[in-house]
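Student: Sequence and predicted structure, then a few things I'm wondering about:
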Amino acid sequence: MSLNIDEFQPPMVAILRGLSAVEAPAVAEVLFACGFRLLEVPLNRPGALECISIINSLKPPDALVGGGTMLTVGDVELVRQHGGRIMVAPNFNADVIRHAKDLDMLAVPGVATPTEALAALAAGADAIKWFPAEALGLAGLRSVKTILPGGARVWPVGGVSAGNLRDWRLAGADGFGIGGRLYEPGVTLSELEGRARELIAAWRTG
């Protein structure tokens, strides 16, 4: 049975760049306990695949883990072999999207223009990552949303925080990817919990 992206709520991806295998169980447990249901470990740091396997082994049934910075079909294969079910990329590559969908993964490629956004949706993307959101801005998101098909999901990534999440939602954001404002190597579990709860609360009151 194919995955439905709307089943995983809230639609916010915790981006765990630089996560180590030692940290992975405790970090994942904190995020799941706070309400996050989508976790991403970017592949451009050592140990990412091991972390994906660890998180996959302890995630609740209503959660998913996947890989970020997935640039090739080979990346898709490796992440899927380690239990990942989400393909997240900073760019648009139709072959990568299609291969992820062939392996029953959620596909969230990065786009920065209307042309890329439409092409990514045509290739089968479940949501599109509006990246880098901080540079593209709220006005850019509002503009691109006007030309997308109804129901297209756009998730800003880059510079999103609990403080500006409502502004992004008003501009048309359907979900988010949160990186350094949530997790960074060395963050204490108590600080991580505080940030996670603040973000979840901002989503619920948005």
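Tutor: Yes, it's here. Just so you know, these numbers come straight off a predicted model, no measurement behind them.

Student: Distance of Ala123 relative to Gly172?
Tutor: The gap separating Ala123 from Gly172 is 21 Å, by Cβ to Cβ, to the nearest Å. C-beta coordinates here come from the backbone N, C-alpha and C atoms, glycine included.

Student: tell me the contacts of Lys129?
Tutor: Neighbour list for Lys129: 88-90, 108-111, 155-157, 177 [criterion: Cβ atoms under 8 Å, 6 or more residues apart in numbering].

Student: of all the residues you listed, which two lie farthest apart?
Tutor: Farthest apart among the contacts of Lys129 by Cβ to Cβ are Ala89 and Pro156. That separation is 15.1 Å.

Student: Any idea how far the helix ranked longest in the chain is from the middle of the chain?
Tutor: When the chain is parsed with DSSP state H, its longest helix is helix 189-205. Helix 189-205 sits 16 Å away from the centroid of its parent chain (Cα atoms, centre = their mean, to the nearest Å).

Student: Can you give the contact residues for it?
Tutor: Contacts of helix 189-205 (Cβ under 8 Å, 6+ apart): 10, 12, 14, 26-27, 30-31, 33-36, 161-163, 165-166, 176, 178, 181-183, 187.

Student: Mind giving me the PyMOL command for buried ones among those residues?
Tutor: If you want just the buried ones from the contacts of helix 189-205 in PyMOL, going by 16 or more other Cβ atoms under 10 Å, the selection is:
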select buried, resi 10+12+14+27+30+31+34+35+36+161+162+165+176+178+181+182+183+187
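
Student: quick one: Leu136 and Pro46, what's the gap?
Tutor: The value you get for Leu136 to Pro46, if Cβ to Cβ is used, is 30 Å.
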